[in-house]
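# here's my sequence, what's the structure:
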Amino acid sequence: MTDRRPGLDPAVAEVRLAVRRALAGLEPGATVIVALSGGADSLALAAATAFEAPKLGLRVSAVTVDHGLQNGSTDAAAAAAAKARALGLDAHVVRVAVDGAGGPEAAAREARYAALTHAARDAGAAAILTGHTLDDQAETVLLGLARGAGATSLQGMADASDLDGVALLRPLLGVRRATTRAACAAEGLEPWDDPHNLDPRFARVRVRQTVLPVLETELGPGIAEALARTAAQLREDAEAFDEMIDETIEDIVEHAEAGISVSAAALAANPAALRHRIIRHVVASEFHQSLTRSQTLEVARLVTDWSGQGPLDLPGCRARRVGGRIEFTASG
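Numbers count the residues shown, from 1 in each chain. Coordinates of the predicted model:
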């Protein structure tokens, strides 16, 4: 299946096809929100959505989030909204406050997604579309690898996920950044280049400008695609593990006073990878906390290397061995 017609630019065709596939599962009459920064990725996404959505009976609204983090951000946001209107879309600008907690990138991302979710709920939207590309995916995986963040981080971003009850779709995860820029050029759209995307203070910018180009030079082309394939394979593995955990956990978990307990024998009978995932799953679901690998291994030692050691203090809870069970209770 292609979107090639005489005179249609290949980059435009590729972006439109990716968007069409992402929107295909939505019910006619639904509204979708395009997250539009004004950059090449989101502008190409907005143009493709403006073309494809009406054919599927979908309504589209573009939302530009002004983080107010740099001079001229208000003008840039207004210009992005104007470009969306020129494409025939409803367009809105939302100004947010970024408090810097957890670092400027993380704080801006949290504020942005909160604003997009609020806009989607106000519009009764079925989905939010973002312009993340294959290059963004590769950068995410490489950053996760450098931080030793484990398989969850190395899975990168999913094509579709849930954002507080609203579908979050990333149609362009298989599309290169160069393609979105070419699509904009072919359609006469002038993207805005965010100065933060050139600021080497940010780790992602250093990966984009220095690390990935060096890897491409030293190891050969195709590094970004390889990293994206790795993410997809790890997500498949994670889905399989999640299914195994769902099948296993009901039989080995019991509620305990102020917490939950897990059968030590059942944990010991599972492979280490599944055992560790069950431990992390229990803490995350019961106490809404994430364990590091070292913390997970310490809990696992209560199963595999039990010699009478005392309770472990973990984020939001404590773990201890009580007879044949590992008991997790709330801290404090």
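# nearest residue to residue 290 other than its sequence neighbours?
The shortest distance from residue 290 to any non-neighbouring residue, by C-beta to C-beta, 6 or more residues apart in numbering, is to residue 284 (6.2 Å). (Each C-beta comes from the backbone N, C-alpha and C, glycine too.)
# might one say that the one you found is in contact with residue 278?
No - with contact defined as C-beta atoms under 8 Å, residue 284 does not count as touching residue 278 (10.7 Å).
# the two: who's more crowded?
Taking other C-beta atoms under 10 Å, residue 284 and residue 278 do not tie; residue 278 has more neighbours (24 against 14).
# any idea of the pLDDT on the nearest residue to the more buried one once chain neighbours are set aside?
Once flanking residues are discounted, residue 278 sits nearest to residue 245: 5.8 Å by C-beta to C-beta, 6+ apart. In this model, residue 245 is scored at 82, pLDDT.
# state the helix or strand in which residue 245 lies.
Per DSSP states H and E, residue 245 falls inside helix 223-252.
# check which helices and strands that helix sits against.
Applying 3 or more C-beta pairs under 8 Å, 6 or more residues apart in numbering; DSSP states H and E, one finds that helix 223-252 makes contact with helix 134-146, helix 151-154, helix 212-219, helix 264-269, helix 272-287.
# show me the one of these that comes nearest residue 196.
Across these, residue 196 has its closest neighbour in helix 134-146 (14.1 Å, C-beta to C-beta).
# and that closest one with helix 223-252, angle?
With axes from the mean of the first three to the mean of the last three C-alpha atoms, to 10 degrees defining the directions, helix 134-146 sits at 60 degrees from helix 223-252.
# go through helix 134-146 and flag the buried ones.
134-144 (16 or more other C-beta atoms under 10 Å).
# residues touching whichever strand in the chain runs longest, excluding its own?
Across the chain, the longest stretch assigned as strand under DSSP state E is strand 59-66. Residues outside strand 59-66 that contact it (C-beta atoms under 8 Å, 6 or more residues apart in numbering): 29-38, 46, 49-50, 53-54, 73-74, 76-77, 80-81, 84, 89-96, 111-112, 115-116, 119, 123, 125.
# quick one: buried ones out of those residues?
Buried by 16+ other C-beta under 10 Å: 30-38, 46, 49-50, 53, 73, 76-77, 80-81, 84, 89, 91-94, 96, 111-112, 115-116, 119, 123, 125, out of the contacts of strand 59-66.
# which ones among these are found in helices?
46, 49-50, 73, 76-77, 80-81, 84, 111-112, 115-116, 119, 123 (DSSP state H).
# circling back to that earlier point, need the per-residue pLDDT for the residue nearest to residue 290.
We note a pLDDT of 89 for residue 284 in this prediction.
# domain parsing for this protein?
Following automatic domain parsing, the chain resolves into domains at 10-225, 257-330.
# state the mean pLDDT of stretch 315-323.
93.
# so the residue most central in space within the chain versus residue 164, what's the distance?
With distances taken as C-alpha atoms, centre = their mean, residue 157 lies nearest the centre of the chain, 3.8 Å away. Applying C-beta to C-beta, to the nearest Å, the value for residue 157 to residue 164 is 17 Å.
# which ones are touching the residue lying closest to residue 227 once chain neighbours are set aside?
Spatial nearest neighbour of residue 227, chain neighbours left out: residue 138 (4.0 Å); criterion: C-beta to C-beta, 6+ apart. Contact analysis of residue 138 by C-beta under 8 Å, 6+ apart lists 212, 223-225, 227-228.
# list the pairing partners of the very next helix or strand once past the helix holding residue 245 within its sheet, with orientation.
As assigned by DSSP H and E, the chain's next helix or strand after helix 223-252 is strand 253-256. Here strand 253-256 has these sheet partners by DSSP bridges: strand 259-263 (antiparallel).
# now the partner strand, how far from the centre of its chain.
31 Å (C-alpha atoms, centre = their mean, to the nearest Å).
# one more: stretch 138-149?
A distance of 13 Å separates the centroid of the chain from that of stretch 138-149, by C-alpha atoms, centre = their mean.
# lowest average confidence, helix or strand, in the protein?
Ranked by mean pLDDT, DSSP states H and E, the weakest helix or strand in the chain is helix 151-154, scoring a mean of 72.
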